[in-house]
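Colleague: coordinates only, sequence not included:
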């Protein structure tokens, strides 16, 4: 009996390790995709290049970059670009977003992007990726606590 328990423990440990490895590979792929699309950013004013890779619940990965405009208010951040691309392709549920910058330091999403991401995935996993170092993971609800969302607009009957 003790041997059976030990075997189960080893098997459980192996499966957990496999899941962790798969998650790490997925994060590496997302981070690499975000870094790659970062090169496409149009940022002649701030010179801050940002790329985003968004993993949908169905397994598809969407990418987008920031696109600045001389009328600064019309600038579109990478995170909103990628959400619009994903939604236009029919995706509505998201698991993880990787946000990469060309600079050494990773940057978190701005407030507007946090709100747009919250609309679809309040507990989204967010990977912050700089040009150097390991990506830092955080949940969206940690970046945007007490968020305003669709539930606030539903009328009680």
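Modeller: That came in fine, so what should we check first? Bear in mind the structure is a predicted one, so any value in this text is a computation, not a measurement.
Colleague: quick check, central residue of this structure?
Modeller: residue 97 (1.1 Å; C-alpha atoms, centre = their mean).
Colleague: what about that one, helix or strand, and which?
Modeller: strand 94-101 (DSSP states H and E).
Colleague: same for that strand, what does it pack against?
Modeller: On a contact count with 3 or more C-beta pairs under 8 Å, 6 or more residues apart in numbering; DSSP states H and E, strand 94-101 meets helix 2-38, strand 50-56, helix 78-88, helix 111-120, strand 125-129. Every residue, glycine included, has its C-beta placed from N, CA and C.
Colleague: lowest-confidence stretch among the ones you listed?
Modeller: Lowest mean pLDDT within the helices and strands packed on strand 94-101: helix 2-38, at a mean of 65.
Colleague: report the buried residues of stretch 89-97.
Modeller: Neighbour counts using 16 or more other C-beta atoms under 10 Å place 91, 94-97 of stretch 89-97 among the buried residues.
Colleague: show me which pair in those residues is furthest apart.
Modeller: Within the buried residues of stretch 89-97, 91 and 96 form the most distant pair, 12.9 Å apart (C-beta to C-beta).
Colleague: in contact with residue 118, which residues?
Modeller: Counting by C-beta atoms under 8 Å, 6 or more residues apart in numbering, residue 118 touches 124, 140-141, 144, 147, 149.
Colleague: greatest separation within the residues you listed: which pair is it?
Modeller: Most distant of these, by C-beta to C-beta, are 124 and 149, 12.4 Å apart.
Colleague: contact partners for residue 37?
Modeller: Counting by C-beta under 8 Å, 6+ apart, residue 37 has contacts 51-53, 63-65, 78, 100.
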